[in-house]
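Asks: Return a 3D structure for these sequence lines:
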Amino acid sequence: MTKLAPAIMDCSPTPERLRRGRFKKAGEALVVWSTVAWLYEAGDVGDDEVAAARRWRAEYDYAELGTIETNDRGRQVEKGDLHTWMLGRGKCAQRLRVLREILGPSLYSRIDMMLVREMSFPDIARMVFPEGTRAQARTKAAAQCALALERLAECYKNKKLASYDLL
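Replies: Below is the predicted model of the structure:
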């Protein structure tokens, strides 16, 4: 049993997964780089788009899963009961529905592929562009994802949508 313990405790990716290039060092840890991080590193999106992606994912988690992740320890949290919690989730889900209507199904599905399913650009390209060359399809998928994030950032800056703000 002691011989198995180090193998069980090793939670690092296999050598095959490491060769795929989706991992980056973050201090001592290896983290999987998301498509948003790749777009940011390439200069295709800026800080506003990254912030919009984080906000959308937080709203999705709250509306769909009922979870909130906060790193801001100094933030005042309003206490409430189950009813206020569910009303907040409902309003958050409404905001996501409004975003889906504004962005349209195509851009909204790219956001879903990037942020919920955490698909890579080649995976998105295979799903959206099954015909044609892989390199060209990957480039098209990356451009569409960048456009989707730009539109998402614009939507969050919109004052009318900001009136739905709950987080």
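Asks: For the protein, just list every one of the helices.
Replies: In order along the chain, the chain carries the following helices (DSSP state H): 4-9, 15-18, 35-42, 47-60, 82-115, 121-128, 134-157, 159-162.
Asks: Now render the ones you listed as JSON lines, adding mean neighbour count and mean pLDDT.
Replies: For glycine as for every other residue, the C-beta is placed from the backbone atoms N, C-alpha and C. Below are the helices of the chain laid out as JSON lines (neighbours: other CB atoms under 10 Å; pLDDT from 0 to 100):
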{"stretch": "helix 4-9", "mean neighbour count": "8", "mean pLDDT": "54"}
{"stretch": "helix 15-18", "mean neighbour count": "10", "mean pLDDT": "68"}
{"stretch": "helix 35-42", "mean neighbour count": "18", "mean pLDDT": "90"}
{"stretch": "helix 47-60", "mean neighbour count": "18", "mean pLDDT": "93"}
{"stretch": "helix 82-115", "mean neighbour count": "16", "mean pLDDT": "90"}
{"stretch": "helix 121-128", "mean neighbour count": "18", "mean pLDDT": "92"}
{"stretch": "helix 134-157", "mean neighbour count": "18", "mean pLDDT": "94"}
{"stretch": "helix 159-162", "mean neighbour count": "10", "mean pLDDT": "62"}
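Asks: Out of the ones you listed, the one nearest Ile68 is which?
Replies: helix 47-60 (7.4 Å; CB to CB).
Asks: Arg54 versus the spatially closest residue to Trp85 that is not a sequence neighbour, what's the distance?
Replies: Counting by CB to CB, 6 or more residues apart in numbering, Gly66 is the residue found nearest to Trp85 once chain neighbours are left out, at 7.6 Å. Look at Gly66 and Arg54: by CB to CB, to the nearest Å, they are 18 Å apart.
Asks: Who are the contact partners of the most centrally placed residue in the chain?
Replies: Centrality entry for the chain: nearest residue to the mean C-alpha point is Leu115, 2.5 Å, by CA atoms, centre = their mean. Applying CB atoms under 8 Å, 6 or more residues apart in numbering to Leu115 gives the contacts 34, 36, 53, 56-57, 60.
Asks: for Phe121, same thing?
Replies: Applying CB under 8 Å, 6+ apart, we find Phe121 in contact with 35, 38, 138, 141-142, 145.
Asks: Tell me the one among those nearest to Ser120.
Replies: Ser120 has its nearest neighbour among the contacts of Phe121 in Thr35, at 6.5 Å by CB to CB.
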